[in-house]
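# got a predicted model here, sequence first, then my questions.
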Amino acid sequence: KIDVTQTGDFPTISVSDYGVFAIKRDENLWFYGPEKITERWKKQTIKIMDGVKAVSAAGINVFMIQKDGSLWIGKHNIESDETKLWTPVKIMDNVKVIGANQNSVLAVKYDNSLWLWSANDYGVFGEGTEEKIMDDVKAVSAGTGYYMAIKNDGSLWTWGNNEYGQLGDGTTENRTAPVKIMDNVRTISAGRVHSFAIKNDGSLWAWGSNECGLLGDGTATVKFVEAGWFDVILSEVEEGYLTEANNDRTTPVKVMYDVKAVGAGYAYSLAVKNDGSLWTWGSIAIRPSNVNPKYKADVYKAYAPDKLMDYVVLIDPGVYDDAIAVKSDGTLWSWRGEQLMDDIMLSTEADDVSVPTEVSPGEQPDAPSSWAEADISNAITLGFVPQELQSKFVQATTRAEFCSLAVALYETKTGNTITKRTT
């Protein structure tokens, strides 16, 4: 989750295996997704929790921080035949920053101490384990089996799985304790097998696996395999276009400048520059089709950043290459909607691979938040709420409607009638 700025109706977004979580400006957390795993075409909108200030979804779990600093996990009951269940369970208190992977979450507490909470049985509810990692931390990111943390002095530390050099320490040795990688770091993103860091000067640095050009440095790791992600690459090798090469990086390499946000996806990468332009690279980069008019988009391998769209303020590369972005006008966009976006959120049918398309999460139930139901009911009974606002709790209130509410409140409380009104 790369929260570039607080703009529009979706100040914070996070993609899970099964849908999108969004914190709206009312600080309520909503889930947009299918009604059942086995019936992905059925859309639904569920309010998960009130008063949420941060969310991080990964796999089948979602982690949430409430305004009081309490950290909660919501696990989807994938075996249920009923509607999706995201029942929140409290994990710990005094948390201000989180970063989650499929089965664990990094949590920075108010005192800047960093804790790792790991679920049992691959995320099944139960007594998770808590471990204090280090102090003086301000930002974190959790990859697949490894972790990244920025300290208050801007130094970057990593630990965990290092099979492809994703820790950036110059080796491929796993680390059980944090090791320092670099200084002057502002933003980080840990992916499946590759990592990114943005320095204070806006430069973007990458390291780890470079399969399919994940790092964006103009090279790629090419292997002779016969299945999976490398089918296309293998055919190019056989045709003489590519030769086998290992271009994984165990230390950071500079990729581009003037960057304010980055996201490490499963098989591709995203970056937003300071001018709001969104760039993509890797094996599943996309662009509007200029080759075959039959398709909306071309899927291709971009070993260096390629511009995709403008006016972007917030991105999430998703779990399995289903990315979302929020533009400066507050609209939500999706692409690569293989299952997640095309089946869940798009209002029209889409190709298996689509160009960025504005999506509609669907209508939210127009009802007050649970914590406010009693007070709102009492206010309506006392005559404080005008008739036209008594069933309008989700949509934005206009200035005129707010003034109407204020006048009704004044007249009811004082017994005085305001005779002169401006329309």
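Yes, it's here. Residues are numbered from 1 along each chain as shown.

# okay, CA-based contacts and neighbour counts for the rest of this
Fine.

# avg pLDDT for the lengthiest helix in the chain?
Longest helix of the chain, by residue count under DSSP state H: helix 399-414. Helix 399-414 carries an average pLDDT of 75.

# now stretch 280-291
Taken as a whole, stretch 280-291 has an average pLDDT of 59.

# stretch 103-120 now?
Here the average pLDDT along stretch 103-120 is 90.

# coming back round to it: alpha carbons of the longest helix of the chain, in CSV - could you do that?
This file holds the C-alpha atoms of helix 399-414, laid out as CSV (Å, rounded to 0.1, in the frame of the first residue of the first chain):
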residue,chain,number,x,y,z
ARG,A,399,-23.1,22.8,2.1
ALA,A,400,-26.8,23.5,1.8
GLU,A,401,-27.7,20.2,3.5
PHE,A,402,-25.2,20.9,6.3
CYS,A,403,-26.7,24.4,6.8
SER,A,404,-30.2,22.8,6.9
LEU,A,405,-29.0,20.5,9.6
ALA,A,406,-27.4,23.3,11.6
VAL,A,407,-30.6,25.4,11.4
ALA,A,408,-32.8,22.5,12.5
LEU,A,409,-30.5,21.8,15.4
TYR,A,410,-30.5,25.5,16.5
GLU,A,411,-34.3,25.8,16.2
THR,A,412,-34.9,22.6,18.1
LYS,A,413,-32.5,23.4,20.9
THR,A,414,-33.5,27.1,21.4
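
# from the contact counts, what lies against that helix?
Under the contact criterion of 3 or more C-alpha pairs under 8 Å, 6 or more residues apart in numbering; DSSP states H and E, helix 399-414 touches no helix or strand at all.

# list the buried residues of that helix.
Residues Ser404, Leu405, Val407, Ala408, Leu409 are the ones in helix 399-414 that count as buried (16 or more other C-alpha atoms under 10 Å).

# then stretch 191-210?
So stretch 191-210, judged by 16+ other C-alpha under 10 Å, has buried residues 191-200, 202-210.

# how long is it end to end?
12 Å (C-alpha to C-alpha, to the nearest Å).

# stretch 132-139 now?
15 Å.

# what's next to that stretch, contact-wise?
Residues from elsewhere that reach stretch 132-139, judged by C-alpha atoms under 8 Å, 6 or more residues apart in numbering: 97-98, 108, 111-116, 149-152, 177, 187.

# make a ChimeraX selection of the buried ones in these.
Buried residues within the contacts of stretch 132-139, by 16+ other C-alpha under 10 Å, are selected in ChimeraX with:
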select :97,98,108,112,113,114,115,116,149,150,151,152,187
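
# next step: the contacts of stretch 132-139 restricted to strands.
Mapping the contacts of stretch 132-139 onto strands (DSSP state E) picks out Val97, Ile98, Val108, Leu114, Trp115, Leu116, Ala149, Ile150, Lys151, Ala177, Thr187.
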